[in-house]
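Trainee: Kindly return the folded structure for what I paste below:
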Amino acid sequence: MTKKFFITAFLFFIFSCASGEQPQQLSSLPSWYITPKTSNQNLYGVGEGYTLAEASKSALNNLASKLMTSISSESSTLLESNKYSTNEQSRQKISEVVAKITFNNYQISNSAAFGGKIYTEISVSRAGFISEYSQKLSGLNQKMAEIFKQAQNKSILEKINDFSAVNDLSLEAESISQILASLNASSANFKNNIDLYNSYQNSYQNLASKIE
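Mentor: Residues are numbered from 1 along each chain as shown. Take a look at the predicted model:
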């Protein structure tokens, strides 16, 4: 009886300490980490690590994850409102493009050390990000137009290779267009771009079916 009592009392004590420690730890963390900022001017991400570099990388991953969530909801709404259907290939390509995004010129806007770890908040200029990827989208559009135009006077086998390349580029461009549109970037020209990419993809599929 006595032995069981002491074991029970000891376990209760350990559980009470662990339960009481967690809220105290959470309350000691910076407010900007517990409740990440939202802003029309900047994109924010938060992270933790044992070094500043590790914490910053974690914060960048956090930002990419939040961006992916935003794109998933916003782009689906945009596609449906413009009477386009969403498909698994499109969603998968968006995930691939977001995974490759590099947030250039990010700043460590906040950092704090607590419990042997470093906590950081990074910020990225929304306007700067939109400008960078708008330029990238414009470059892709120009490249696709050139390849597609030059392919018209080629043999059917050469043409299918060029159309295949344009098709791949159009999927990447479609993803970037959806990313920009989800950030309310007026420069994305969402509907015109999606119509253009659909026409490229249809041209490739029609030619491929003829060859088959």
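
Trainee: what's the span of stretch 28-40, first residue to last?
Mentor: 28 Å (Cα to Cα, to the nearest Å).

Trainee: got the buried residues for that stretch?
Mentor: 29, 32-33 (16 or more other Cβ atoms under 10 Å). For glycine as for every other residue, the C-beta is placed from the backbone atoms N, C-alpha and C.

Trainee: Kindly report the same for stretch 173-190.
Mentor: Quick answer for stretch 173-190 (16+ other Cβ under 10 Å): 173-183, 185, 188-190.

Trainee: And the average pLDDT for that stretch is what?
Mentor: Computed over stretch 173-190, the mean pLDDT rounds to 77.

Trainee: what distance separates the start and the end of that stretch?
Mentor: Counting by Cα to Cα, the terminal residues of stretch 173-190 are separated by 11 Å.

Trainee: What of stretch 117-134?
Mentor: Stretch 117-134: ends 37 Å apart by Cα to Cα.

Trainee: still on that earlier bit, wait, which of the buried residues of stretch 173-190 is closest to Asn206?
Mentor: Asn206 lies nearest to Glu174 out of these, by Cβ to Cβ, at 18.3 Å.

Trainee: nearest spatial neighbour of the closest one, skipping sequence neighbours?
Mentor: Tyr197 (4.7 Å; Cβ to Cβ, 6 or more residues apart in numbering).

Trainee: and that neighbour, backbone torsions?
Mentor: Backbone dihedrals for Tyr197, given as degrees, to the nearest 10, come out at phi -70, psi -40.

Trainee: Next one, pLDDT for it please.
Mentor: So Tyr197 comes in at 91 (pLDDT).

Trainee: And for Gln25?
Mentor: 57.

Trainee: quick one: which of the buried residues of stretch 173-190 sit in helices?
Mentor: 173-182, 190 (DSSP state H).

Trainee: Make a markdown table from the residues you listed and add distance to Asn110 to it.
Mentor: A markdown table is the format used below for these (distance: Cβ to Cβ, whole Å):
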| residue | distance to Asn110 |
| --- | --- |
| Ala173 | 35 |
| Glu174 | 35 |
| Ser175 | 31 |
| Ile176 | 29 |
| Ser177 | 32 |
| Gln178 | 30 |
| Ile179 | 26 |
| Leu180 | 27 |
| Ala181 | 30 |
| Ser182 | 25 |
| Phe190 | 34 |
